[in-house]
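Trainee: Quick one, fold the following:
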Amino acid sequence: MSDCLFCRIVAGEIPARMVYTDDTCIGFLDIAPYHRGHSLVIPRRHIADGTCEAEAWNEVAAGIIAVSNLLKEKLGATGVNILSNAGSVSGQEIFHFHVHILPRYPSNPGMGALAQRDVDADMDLDALYVQIMG
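Mentor: As a prediction, the model looks like this:
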């Protein structure tokens, strides 16, 4: 879909800081992170949201696990929140199925802190990318 931001990222028309790729999905750093290392995993094909078809979750499962473990290993996160919004009322802004991987750190634990942006969340994304991929 030429008007879908994520389809354009998949097609290579828009740059992204890729942290994972395979035949069915890609993972990249979120440009408006809530937590340091906040990443997205999306299927390569366009699917509006994760409630459209069960197969969509199979397409992103390996990416979710790989990105979660990468962020824990490279950034020292001790846990992750994995979530996906379905529909505008839930907070979905881009209508291409995507899963948020939110690294969590001992300094800001728990569900109450999930939606609060960490003070260092939007640090230099290029430097963060080097730390993750280096």
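Trainee: pLDDT weak spots in this structure?
Mentor: Counting by pLDDT under 70, the ranges of the chain that qualify are 1, 112, 114, 117, 119-122.
Trainee: From the chain's centroid, how far away is the helix ranked longest in it?
Mentor: The helix that spans the most residues within the chain, counting by DSSP state H, is helix 55-75. With Cα atoms, centre = their mean, to the nearest Å as the basis, helix 55-75 stands 9 Å off its chain's centre.
Trainee: And the next helix or strand past it?
Mentor: Remark: after helix 55-75, the chain's next helix or strand is strand 79-83, criterion DSSP states H and E.
Trainee: Which strands border that following strand, and is each parallel or antiparallel?
Mentor: strand 99-104 (antiparallel) (DSSP bridges).
Trainee: Check which residues of the partner strand are buried.
Mentor: For strand 99-104, a neighbour-count test (16 or more other Cβ atoms under 10 Å) marks 99-104 as buried. Every residue, glycine included, has its C-beta placed from N, CA and C.
Trainee: just stretch 88-95 next, same as before
Mentor: Quick answer for stretch 88-95 (16+ other Cβ under 10 Å): 92, 95.
Trainee: So what would you say the end-to-end distance of that stretch is?
Mentor: With Cα to Cα, to the nearest Å as the measure, stretch 88-95 spans 9 Å from end to end.
Trainee: returning to that earlier point: take the buried residues of strand 99-104 and lay them out in TSV including distance to Val60.
Mentor: Converted to TSV, the buried residues of strand 99-104 look like this (distance: Cβ to Cβ, whole Å):
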residue	distance to Val60
Val99	6
His100	11
Ile101	10
Leu102	15
Pro103	17
Arg104	20
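Trainee: And the strands in the chain?
Mentor: Residue ranges of the strands in the chain, as given by DSSP state E, are 18-21, 25-29, 39-43, 79-83, 99-104.
Trainee: Nearest to Ala62, out of the ones you listed?
Mentor: The closest of these to Ala62 is strand 25-29. By Cβ to Cβ, the value is 7.4 Å.
Trainee: Which other helices and strands does the closest one contact?
Mentor: When contacts are defined as 3 or more Cβ pairs under 8 Å, 6 or more residues apart in numbering; DSSP states H and E, strand 25-29 sits against helix 5-10, strand 18-21, strand 39-43, helix 55-75, helix 125-133.
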